[in-house]
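Chemist: next one to model:
(2 chains)
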Amino acid sequence: MMKRNKGVWALCLALAAIFSMTLYASAEEKLTGSAGNPLRGVEQLKTARLAAQRGTVGQFIAEDLLGDKKGELLTTYEKYVDAIASLRQGKVRAVVMDELPAKRFLSEVAGLTLMDEALSEESYAIGFKKGNAGLLGQVNKALSELKADGTLAAIFDKYLNGDVGAISPEGIDLNKGAKGGRLVVGTEAGFAPYELKVGSGYIGIDIEMCAAIAKKLGRELVIENMNFDALPMAVSTGKVDMICAGITVTEERKENMDFSDNYVEGARQVAVVRADDYQAPVK
Amino acid sequence: MGVKTTSRRGDVFLWLCAAVLLFLLYQSGFFTEAAWDDFGRRFYQNFIKDRRYMMLVDGLKATLFMTAFSTLIGLAVGLILSVIRVAYKGGVPIRLLNAFAECYITVLRGTPAMVQLLIWNFTIFASARDLNTQYIAILAFGLNSGAYVAEIFRGGIESIDPGQMEAGRSLGLSYGASMRYIVLPQALRNVVPMLFNEFIALLKETSVAGYIGIDDLTRAGQNIQALTLEHSQPLVMVAIIYLVIVMFLTGVVRRLEQWLSRGRRG
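Modeler: The predicted model follows:
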């Protein structure tokens, strides 16, 4: 019996060694540029390997860019972190995503940059089940009040100009025990500064905005954290009351769900590239 | 028996492997100060800062909770189904039950657990908003596991010599009593190791629960990734935690096997 146990521990040790080597390998991950032919502008993205998060507008833009070649050149990932990882490893040459979350990657991960030229400008809105006019009306009313009294602007200011690291979920009033029942909001908490899971709670522009809306509606905010591509399904089956995850309004999406008034206008979609694989055009 | 020598030889081999790995690590500069500084800094950021390890602990709790209760459902469902499947195919009710059981096992074994999970959450329980999502996952994984457990049990029951059942019946016991007091206890002893392996597989299967919004262990790792924007350390840590649990459970199965084979002849 003792002998066998020793074997188990030896195996454990060996596996731990393999794992720690993996850890080390990733630490040493070198940013590998492409030989002598860096990207110059959007035109070259049309024939480059691209990545995007599945179900996001970044995916749709990349598909439009690549046209027929999208099957061959586009890789979609469940999480942004994975798309950025494959960019750093040289598996793709650009990741198409929203500018604000992209900037956060740039501030944390060395060796990346944004293409100067934006790929498109989009608006964000809250999504509802098709035909849920009652709640949509209430939320639109609350939203316009929040815009008018400056609450929304203050929330944006807090996240765009303040220290996001200092914000804790405990500081956000979810209106617990409200008489109007629960307001269940679906989101994908990996999209800073709009939504992020911290400890056992959530922070972000969308989260605070929804908390303010819930307060206006006299309901308790409940966050359901799911994968982005599962959100449309969750709202159309009634799993959640509404979805708020930096969702871009598109004509196609409007066919399957209703949208509130926009709460963000002109959100730029950009291409994240490796700094050594991009030569900015001379102005 | 030759167990002792084999295991000693195995030990030497494993230590040798470990030594080679350590040498390779040394060669690749793993033990330089710079590498460890960077490793330590990222480790701190991923797991220590703001008590982020608690996210993994909470995730582990959810994973173990789901595994434990879906195991129970799986056992109950599997036992019932297997008894139906091996029942004497006489009357119409039994035939109907048998057809149902066969259908159940075919469908639940023939579709991926993740697809089933999505269907349970977004189709069958679409309107169950106040129900904790974890309960839906437990049901989905439990019923899925039940189909596999049923086949394991059936194999166990069919491995018992038909003479055992005949002996019981000829002593005047009913079919049910013979099954319960003679066949099942023997069958159970044969299938315990396989059952345990099924539950180990189930533990790993629960890693897809993030799809319906449950922060299980895997999802906790992804949540840390989203916070620190680092992709390798959180995932490797999650893998290590799974591995440690699985190795512990595998050890338990091995002990159990030895214990069960104590009273056996030959």
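
Chemist: any idea how far A:P193 is from A:S107?
Modeler: Distance from A:S107 to A:P193, counting by C-beta to C-beta, to the nearest Å: 11 Å. All C-beta spots, glycine's among them, are computed from the backbone N, C-alpha and C.

Chemist: in terms of neighbours, single out the busier of those two.
Modeler: For A:S107 versus A:P193, neighbours defined as other C-beta atoms under 10 Å in any protein chain shown are more numerous around A:P193 (21 against 10).

Chemist: check the secondary structure at that one for me.
Modeler: Under DSSP: H, G, I helix; E, B strand; the rest coil, the three-state class of A:P193 is coil.

Chemist: so what's A:L50 bridging to?
Modeler: A:L74, A:A94 (DSSP bridges).

Chemist: is it in contact with A:G67, as I believe?
Modeler: No. Using C-beta atoms under 8 Å, A:L50 is not in contact with A:G67; the gap is 11.9 Å.

Chemist: leaving out the residues flanking it, which one is nearest to A:K197?
Modeler: Leaving aside its chain neighbours, A:K197 sits nearest to A:A189 (4.1 Å; criterion: C-beta to C-beta, 6 or more residues apart in numbering or on different chains).

Chemist: so what pLDDT did the one you found get?
Modeler: pLDDT recorded at A:A189 is 90.

Chemist: then the one 4 residues further on?
Modeler: Among the per-residue scores, A:P193 shows a pLDDT of 91.

Chemist: going along the chain, name the helices of chain A.
Modeler: A:2-27, A:42-45, A:57-66, A:70-73, A:80-88, A:99-108, A:133-148, A:151-161, A:205-217, A:231-236, A:251-256 (DSSP state H).

Chemist: which of the ones you listed sits closest to B:V83?
Modeler: Nearest of the helices of chain A to B:V83, taken as C-beta to C-beta: helix A:2-27 at 35.8 Å.

Chemist: helices and strands of the chain: which one has the lowest mean pLDDT?
Modeler: Picking chain A for this. helix A:2-27 (a mean of 62; mean pLDDT, DSSP states H and E).

Chemist: listing request: residues of the stretch 1-150 of chain A with sub-threshold pLDDT.
Modeler: A:1-8, A:10-11, A:14-36 (pLDDT under 70).

Chemist: the same query, at a cut-off of 80, please.
Modeler: A:1-36 (pLDDT under 80).

Chemist: and the closest residue to A:C12 other than its chain neighbours, how many neighbours?
Modeler: Distances taken as C-beta to C-beta, 6+ apart put B:M247 closest to A:C12, at 6.7 Å, once the chain neighbours are dropped. B:M247 has 16 neighbours, counted by other C-beta under 10 Å.

Chemist: how close does B:M247 get to B:R254?
Modeler: For B:M247 relative to B:R254 (C-beta to C-beta), the value is 11 Å.

Chemist: repeat that for B:G90.
Modeler: 41 Å.

Chemist: for A:V184, same thing?
Modeler: A:V184 sits 46 Å away from B:R254, taking C-beta to C-beta as the criterion.

Chemist: now B:Q164
Modeler: 28 Å.

Chemist: run a quick neighbour tally on B:T111.
Modeler: By other C-beta under 10 Å, 13 other residues sit near B:T111.

Chemist: and the one 5 residues further on, by the same measure?
Modeler: B:Q116 is surrounded by 19 other residues when neighbours are defined as other C-beta under 10 Å.

Chemist: wait, it touches B:L108, no?
Modeler: Yes. With contacts counted by C-beta under 8 Å, B:Q116 reaches B:L108, the gap being 6.9 Å.

Chemist: pick out the residue closest to the middle of chain A.
Modeler: A:F191 (3.1 Å; C-alpha atoms, centre = their mean).

Chemist: who does that one bridge with?
Modeler: Using DSSP bridges, the beta-bridge partners of A:F191 come out as A:E195.

Chemist: okay but it is in contact with A:T248, surely?
Modeler: No. Applying C-beta under 8 Å, one finds A:F191 not in contact with A:T248, separated by 11.8 Å.

Chemist: what angle sits between the host helix or strand of the residue nearest to A:C12 and helix A:80-88?
Modeler: Assigned by DSSP states H and E, B:M247 belongs to helix B:232-260. Helix B:232-260 runs at 110 degrees relative to helix A:80-88, counting by axes from the mean of the first three to the mean of the last three C-alpha atoms, to 10 degrees.

Chemist: which helices and strands sit right next to helix B:232-260?
Modeler: When contacts are defined as 3 or more C-beta pairs under 8 Å, 6 or more residues apart in numbering or on different chains; DSSP states H and E, helix B:232-260 packs onto helix A:2-27, helix B:53-86, helix B:184-205, helix B:217-228.

Chemist: now those as JSON lines including distance to B:F141?
Modeler: Listed next are those as JSON lines, based on distance: least, C-beta to C-beta, whole Å:
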{"stretch": "helix A:2-27", "distance to B:F141": "26"}
{"stretch": "helix B:53-86", "distance to B:F141": "4"}
{"stretch": "helix B:184-205", "distance to B:F141": "6"}
{"stretch": "helix B:217-228", "distance to B:F141": "14"}
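
Chemist: would you mind finding the most buried of those?
Modeler: Burial of these is given as mean neighbour count (mean count of other C-beta atoms under 10 Å in any protein chain shown); helix B:217-228 ranks first at a mean of 25.

Chemist: show residues contacting it.
Modeler: The set of residues external to helix B:217-228 that reach it, using C-beta atoms under 8 Å, 6 or more residues apart in numbering or on different chains, is A:79-81, A:108, A:189-192, A:196-198, B:42, B:45-47, B:52, B:55-56, B:58-60, B:62-63, B:207-210, B:215, B:231, B:234-235, B:237-238, B:241-242.

Chemist: out of those, which are buried?
Modeler: Among the contacts of helix B:217-228, those buried by neighbour count (16 or more other C-beta atoms under 10 Å in any protein chain shown) are A:79-81, A:189-192, A:196-198, B:42, B:45-47, B:52, B:55-56, B:58-60, B:62-63, B:207-210, B:215, B:231, B:234-235, B:237-238, B:241-242.

Chemist: tell me, how many neighbours does B:Y44 end up with?
Modeler: 11.

Chemist: swap in A:T250?
Modeler: For A:T250, using other C-beta under 10 Å, the count is 13.

Chemist: what's the spatially closest residue to it that is not a sequence neighbour in contact with, if anything?
Modeler: Nearest in space to A:T250, with sequence neighbours left out and distances taken as C-beta to C-beta, 6+ apart, is A:V57 at 6.4 Å. With contact taken as C-beta under 8 Å, 6+ apart, A:V57 is in contact with A:98, A:120, A:122, A:248, A:250, A:269.

Chemist: and of those residues, the nearest to A:K130?
Modeler: Using C-beta to C-beta, the contacts of A:V57 come closest to A:K130 at A:T250, 14.8 Å.

Chemist: what's the pLDDT at residue 162?
Modeler: Chain wasn't specified; assuming chain A. For A:G162, the model assigns a pLDDT of 85.

Chemist: can you look at chain B instead?
Modeler: At B:P162, pLDDT is 90.
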